[in-house]
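>>> Dropping the sequence and predicted coords here.
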Amino acid sequence: AQSVTQPDIHITVSEGASLELRCNYSYGATPYLFWYVQSPGQGLQLLLKYFSGDTLVQGIKGFEAEFKRSQSSFNLRKPSVHWSDAAEYFCAVGPNYGGSQGNLIFGKGTKLSVKP
Amino acid sequence: ETGVTQTPRHLVMGMTNKKSLKCEQHLGHNAMYWYKQSAKKPLELMFVYSLEERVENNSVPSRFSPECPNSSHLFLHLHTLQPEDSALYLCASSEVEGGGYTFGSGTRLTVV
């Protein structure tokens, strides 16, 4: 069955510290991979995506993610967290129909808190 | 402003009311989606429209009725809802050929 697992429900880091949010997926083929961020009361904003090519992907707001096929993972990282990064983060996977995206499957999300 | 606009932002309705949620995008996207986001549950895909045709309905109760009159507009008609239908309803759009979804800010629905 297709699924996305974000094992950490809630993470707290200090401002300026590094961050890694984990995402593992179960999929029948190489999927498209995404990370979204949601601030309270808002919709989801796309941070970055992986379709093919370089497995290290750069996104907005200083985030990056690395696709590791052998581990079925797509972890999100940021070297130095800012207080404004406090939000909920969602990993998502979708089918790669040779260019067509198909419907996305979302993880349950990881809530990030940032302490001063 | 994300490019996908949802109205209203907040809605309180009784179980016997009829109301509609509206979603509008002017990004030139060809696919539109309704998602339900409840506390402590994953995002639930409700409906998918691609090129204005419904392509997926994930066993959503008939008290939710979608309408997609053109590629820029999507509605979710609501009637005789239950309290457990209270949630954040998110609309999204995408190019059929990929690129990620663009989400609206959502409608926070409370059924009393």
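Perfect, I can see it now.

>>> quick one: contacts for the residue nearest to residue B:70 when sequence neighbours are not counted?
Distance criterion Cβ to Cβ, 6 or more residues apart in numbering or on different chains; nearest residue to residue B:70, sequence neighbours excluded, is residue B:52 at 6.4 Å. For every residue, glycine as well, the C-beta is placed using N, CA and C. Listed by Cβ atoms under 8 Å, 6 or more residues apart in numbering or on different chains, the contact set of residue B:52 reads B:68, B:69, B:70, B:71.

>>> Quick check: phi and psi at the third one.
Summarising the backbone geometry of residue B:70 under the convention degrees, to the nearest 10, its torsions are phi -160, psi 180.

>>> Enumerate the residues of chain A near chain B.
Applying Cβ under 8 Å from any Cβ of the partner chain, we find that chain A lies next to chain B at A:32, A:34, A:36, A:41-46, A:49, A:51, A:90, A:99-101, A:103-104, A:106-109.

>>> swap the cut-off to 10 Å and go again
A:3-4, A:6, A:9, A:32, A:34-36, A:38-39, A:41-49, A:51, A:90, A:92, A:94, A:96-109 (Cβ under 10 Å from any Cβ of the partner chain).

>>> Please type out the ChimeraX selection for whichever of those turn out to be buried.
A single ChimeraX command suffices to select whichever of these are buried according to 16 or more other Cβ atoms under 10 Å in any protein chain shown:
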select /A:4,6,32,34,35,36,38,42,43,44,45,46,47,48,49,51,90,92,94,96,101,102,103,104,105,106,107,108,109
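
>>> Grab the nearest non-local neighbour of the spatially most central residue of chain A.
Centrality entry for chain A: nearest residue to the mean C-alpha point is residue A:35, 3.2 Å, by Cα atoms, centre = their mean. Once flanking residues are discounted, residue A:35 sits nearest to residue A:47: 4.4 Å by Cβ to Cβ, 6+ apart.
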